[in-house]
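>>> What follows is a predicted protein model with its sequence.
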Amino acid sequence: MISSSIVSNAQCAMCKAVLETGDLGMAEGVNNGISYLMVFPYLLIFGLFFTLYRYKKNQVKN
C-alpha cells in the first residue's frame with residue numbers, strides 16, 4: 001500500500017476550491033502550510049527518542 005502510486009483526489013472542500021481558482025500563490029501557500037503542519041509530529045517523535053536515548057545512556061554510566 002505504501003509503494004503504490006495511485007492518484008488520490010482527497011482534499012477538503014475549501015482546499016479544493018482555493019486550488020481550482022488558479023491562483024498559484026495561494027496554492028503554494030496551502031502546500032507550505034501542509035508541510036509546516038507535517039513537520040511537527042516528526043520533531044516531537046525525534047525529541048522523544050533523543051530524550052530516551054540520553055536517559056538510557058546516562059543510566060549505563062551510573
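Great, that's in hand.
>>> Roughly how far does the residue positioned nearest the centre of the chain sit from Val18?
The centroid of the chain falls nearest to Met38 when counting by CA atoms, centre = their mean (1.7 Å). With distances defined as CB to CB, to the nearest Å, the gap from Met38 to Val18 amounts to 18 Å. C-beta coordinates here come from the backbone N, C-alpha and C atoms, glycine included.
>>> Kindly list the longest helix within the protein.
Longest helix in the chain by number of residues (criterion: DSSP state H): helix 24-61.
>>> So what's the residue count around the nearest residue to Leu19 once chain neighbours are set aside?
Leaving aside its chain neighbours, Leu19 sits nearest to Ala27 (5.0 Å; criterion: CB to CB, 6 or more residues apart in numbering). The number of residues packed around Ala27, counting by other CB atoms under 10 Å, is 15.
>>> Report the separation between Ala27 and Tyr53.
Taking CB to CB as the criterion, Ala27 is separated from Tyr53 by 40 Å.
>>> what is the mean pLDDT for the longest helix of the chain?
Helix 24-61 comes out with an average pLDDT of 89.
>>> Name the residues of it that are buried.
Buried residues in helix 24-61, counted by 16 or more other CB atoms under 10 Å: Val30.
>>> helices or strands up against it?
The helices and strands touching helix 24-61, judged by 3 or more CB pairs under 8 Å, 6 or more residues apart in numbering; DSSP states H and E, are helix 13-20.
>>> What residues sit buried inside the helix it packs on?
Neighbour counts using 16+ other CB under 10 Å place no residue of helix 13-20 among the buried ones.
>>> ok and it relative to helix 24-61, angle-wise?
Using axes from the mean of the first three to the mean of the last three CA atoms, to 10 degrees, the inter-axis angle of helix 13-20 relative to helix 24-61 is 120 degrees.
>>> what packs against helix 13-20?
Taking 3+ CB pairs under 8 Å, 6+ apart as contact, the helices and strands that helix 13-20 lies on are helix 24-61.
>>> How far away from the center of its chain is the helix it packs on?
Centre-to-centre, helix 24-61 and its host chain are 8 Å apart (CA atoms, centre = their mean, to the nearest Å).
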